[in-house]
Structure formats: structure tokens, C-alpha cells
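Novice: any chance you can model this:
(one chain, ligands or ions: 1)
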Amino acid sequence: MSSADPRPVARASGAAGDGGGAARASGVEVTGLGKAHAGVRVLDGLDLSVPHGELTAVIGRSGGGKTTLLRLIAGFDRPDRGTITVGGRPALALPPERRRVGYVTQEGSLFPHLTVTGNVAFGLPWRRRRARDGVREMLELVGLDVGLADRYPHELSGGEQQRVALARALAPRPDAVLLDEPFSALDPAIRVSTRLAVTAALAATSTTTILVTHDLPEAMSLATRVAVLRDGAIAQVGEPADLYLRPADAAIAAFTGEVCEIPAKLLGDHASTALGPLPLPQTAFGAGFVLVRPEQITVDEAAPARATVTGTDFRGHDGLIRLRNGENEVTARCAAHLVPELGTSVGLRLTGIALATRIPPD
Ligand SMILES: Nc1ncnc2c1ncn2[C@@H]1O[C@H](COP(=O)(O)OP(=O)(O)OP(=O)(O)O)[C@@H](O)[C@H]1O
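Specialist: Numbers count the residues shown, from 1 in each chain. So this is what the prediction gives:
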């Protein structure tokens with residue numbers, strides 16, 4: 001993790017949400033979860049283990065069942081089969097209000113007729129409700145100005161509303177918090193500050209969290225681990241770098257970032273390509289392709305392989321360069337100030353290890 005990495009490093013114990021005790025020793029465990037909607041199987045034998053105090057992001061195609069998974073954990077729907085354990089306690093026998101699970105949606109879903117104080121206090125136990133200290137503590141935790149305590153939701157910005165929603169979810173000191181695309185309705189400037197405040201509050205309280213998001217960079221930068229939901233089950237779970245650099249298959253490689261296919265002779269532990277040799281993640285033989293990220297193709301004037309720039313796609317901090325190398329089209333990524341002119345001939349070199357290989361059927 002670099003010093004610029006916004007992920008909070010320390011997860012303090014004994015902070016606001018740390019209820020302590022053996023019940024909080026585990027996070028969320030889901031095994032063999034199955035659920036059909038209107039006769040269509042959405043989840044099919046899904047296993048997911050989120051360690052206590054960690055943030056796991058769940059990504060997957062739209063309609064793949066991410067919200068369904070969160071709703072089953074929260075207790076808003078019942079699974080057809082499988083088990084769910086939250087904070088070490090079997091959850092299925094418990095109604096939503098006794099599961100000790102907080103839920104924050106895209107819209108925040110604050111009560112419009114209650115002030116910030118009323119919304120946050122709603123999540124507090126009775127004996128703490130009348131004490132404004134409890135509300136103040138929660139607002140400070142999510143980085144909100146306590147001067148906003150008497151405002152109504154419509155008097156707050158979207159980012160402020162989401163912080164209040166998290167404060168309300170954290171107030172009862174839940175064993176887990178489920179975040180269903182909580183930042184997607186926010187504009188980019190507010191989005192960054194809101195997600196920093198939210199993740200800092202979750203870290204300070206060591207709250208086990210499942211984040212559903214469509215935003216891949218967001219998942220990769222905030223989560224300890226990322227899980228890919230595919231065909232009703234978790235196809236791969238791992239640290240962000242694992243998923244990006246060592247995807248389980250070609251489909252996950254394409255889902256987790258841009259990929260480039262390069263024709264190759266697969267020679268066991270490495271491949272031979274027109275851009276030079278490349279180590280393989282698994283032994284493979286035959287004529288096929290290696291998959292690499294665009295940034296693994298580097299422009300290097302000393303490299304023997306040459307290619308002509310046929311297109312550029314400027315992205316601000318970096319740029320994609322489309323290149324023709326003999327019969328092959330490849331895409332490289334380079335720093336914005338190094339993007340070459342159209343039509344230029346450049347040297348190319350492959351770096352790193354192939355993400356995956358593909359051998360076309362005969
Ligand atoms: N109550 C319901 N009745 C019938 N079908 C439903 C119900 N809830 C969800 N579905 C269907 O189940 C599938 C999974 O939906 P879900 O909302 O869990 O997916 P998702 O991965 O969260 O999607 P998105 O990323 O678009 O939010 C979809 O095809 C959806 O239409």
C-alpha cells in the first residue's frame with residue numbers, strides 16, 4: 001500500500017462500534033446460498049466468508065444477484081437453501097431487526113420527516129436515544145459537522161445524506177454493515193470525500209462490511225478483498241491485486257480491467273510472441289493467445305519489436321495507444337505526456353506475467 005493509498009491502515013479496537021465479546025469474533029459467513037426469483041435461479045450455492053473487521057467488495061454483472069445476496073444477509077428475503085452466520089450467530093432464524101446488520105442503500109433512505117438527530121437516534125438503543133451525546137459521537141465518527149444535527153434530509157447534500165445514513169446504520173453497533181452502491185448517486189467530487197469518510201468510520205469501528213459496487217477502481221481501492229459474483233456463485237475472491245494481476249480465468253481478467261490478446265506459441269512455462277517472450281501463470285502448450293493488461297506493453301525504443309501507432313485514446317493521467325505489429329493489433333498504456341504521435345514507429349516490450357491464456361477450439 002502506498003502512502004497515497006486512501007485505505008485506512010489501522011482498525012482500532014475499543015472504538016465506538018466495538019461491542020467486544022466472542023459474538024463479534026467472526027464476520028459474515030455464507031455457505032451454499034441458493035435463491036430463485038420468479039422461478040429463475042439467481043444465487044446457486046454461493047459461499048462467502050468475510051473476516052471480522054474487513055471490507056469485502058462484491059462485484060459482478062448487472063442483474064447477477066448482488067443486491068439479492070445483501071437482502072438475504074439482512075433478512076429482508078429468505079434463501080431457498082444455505083446458511084448465513086453474522087458475528088458468529090446463525091442469522092436465518094432471526095428477523096431483520098435482531099440480526100445486528102446495518103444496511104445503506106444508494107439513496108440512503110433517510111426518514112424525510114426526521115432531522116439528522118432523529119434519523120441517527122432512530123438506530124440507537126432506547127436508553128441512548130435521549131442522550132444527544134450518542135448522536136454527536138456518531139456524527140463525528142462519519143466526519144459530519146454536528147451543526148447539521150437539526151437539519152432535515154432535504155437540507156443536506158447527497159454526500160452528507162450518505163454519511164447520516166451510515167451514522168444511523170452504525171449507531172446500534174452492528175456486527176456487519178451492508179453497503180449497496182452507497183456512492184453511485186454522488187457526483188465525482190463529493191464521491192471521493194464521502195467514501196473516505198465512510199471507510200474511515202468503518203475502519204475506526206472495526207465493522208465487518210460488504211460493499212456492492214459497479215465501480216471497479218472503487219472496489220479495488222477500498223476493499224481488503226474483492227469477490228466476483230458470476231452464475232450465482234463467487235467465481236473468485238482475493239486481494240485487489242490478486243484479482244487484477246492473477247485472475248482465475250480470461251473472463252475475470254476482462255471483467256476486472258482492460259485486456260489485450262496477443263497471438264502466442266504456448267511453450268509450457270512461457271510463451272513466445274511477436275513482442276518477445278512472456279512467463280505464463282499456468283503451464284500451457286499449443287498455438288493460442290496470451291492475455292495481458294495494456295500497461296504490460298511498454299514503449300521502449302531499445303526493444304527489437306516494432307509497431308506503428310494507429311490510434312490514441314487520451315485519458316488524462318494516462319493514455320491508451322493502439323498499435324499495429326505486423327498482422328496484430330495491440331493496445332498499450334503509457335503516461336499522458338509520453339503518448340506518441342499517430343503514425344510513429346515505436347519499439348514495444350512485454351513485461352510481467354501473462355494474466356491468462358486462450359487456445360481457440362479447432
Ligand atoms: N423480488 C423480485 N422478484 C422477481 N425478480 C427479482 C426480484 N428481485 C430481483 N429480481 C431479479 O433477480 C435478478 C438479480 O437481481 P439483483 O438486484 O440481485 O441483481 P444485482 O446484481 O444487484 O443487479 P444490479 O447490479 O443491476 O443492481 C435480476 O434479474 C432481477 O430482475
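
Novice: how deep is the residue nearest to Glu239 when sequence neighbours are not counted tucked in, by neighbour count?
Specialist: Excluding the flanking residues, the one nearest Glu239 by CB to CB, 6 or more residues apart in numbering is Arg225, at 5.8 Å. For glycine as for every other residue, the C-beta is placed from the backbone atoms N, C-alpha and C. Look at Arg225: counted by other CB atoms under 10 Å, it has 20 neighbours.

Novice: so Arg225 sits against Ala241, correct?
Specialist: No. With contact defined as CB atoms under 8 Å, Arg225 and Ala241 do not form a contacting pair (10.7 Å).

Novice: overlap in contacts of those two?
Specialist: Both Arg225 and Ala241 lack any common contact, where contact means CB atoms under 8 Å, 6 or more residues apart in numbering.

Novice: neighbours of the closest residue to Val346 other than its chain neighbours, just the number please.
Specialist: Residue nearest to Val346 in three dimensions, not counting chain neighbours: Val299, with 5.0 Å by CB to CB, 6+ apart. Residues contacting Val299 under the criterion other CB under 10 Å number 21.

Novice: got it, and Pro281?
Specialist: By other CB under 10 Å, neighbour count at Pro281 equals 17.

Novice: look up how far the ligand lies from it.
Specialist: Here Pro281 is placed at a distance of 28 Å from the ligand (CB to the nearest ligand atom, to the nearest Å).

Novice: mind showing which ranges of this structure have poor pLDDT?
Specialist: Applying pLDDT under 70 to the chain flags the ranges 1-25, 126-133.

Novice: what does it put close to the ligand?
Specialist: Listed as neighbours of the ligand in the chain under the rule CB under 6 Å from any ligand atom: 37-38, 42, 60, 62-68.

Novice: could I get these as CSV with distance to Gly27?
Specialist: Output for those, formatted as CSV (distance: CB to CB, whole Å):
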residue, distance to Gly27
His37, 26
Ala38, 31
Val42, 23
Gly60, 20
Ser62, 26
Gly63, 27
Gly64, 22
Gly65, 20
Lys66, 18
Thr67, 20
Thr68, 20
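
Novice: beta partners of the residue nearest to Glu239?
Specialist: Thr56 (DSSP bridges).

Novice: let me see the contact set for it.
Specialist: 50, 54, 56-57, 237-240.

Novice: mind checking which of these are in helices?
Specialist: Using DSSP state H, the subset of the contacts of Arg225 located in helices is Pro240.

Novice: ok, which stretches of the protein are helices?
Specialist: Using DSSP H, helices in the chain cover 66-74, 116-122, 126-129, 132-141, 158-170, 188-204, 216-222, 240-245, 250-255.

Novice: could I get these as TSV with mean neighbour count?
Specialist: Supplementary listing: the helices of the chain in TSV, determined by neighbours: other CB atoms under 10 Å:
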stretch	mean neighbour count
helix 66-74	23
helix 116-122	22
helix 126-129	12
helix 132-141	19
helix 158-170	25
helix 188-204	19
helix 216-222	19
helix 240-245	18
helix 250-255	18
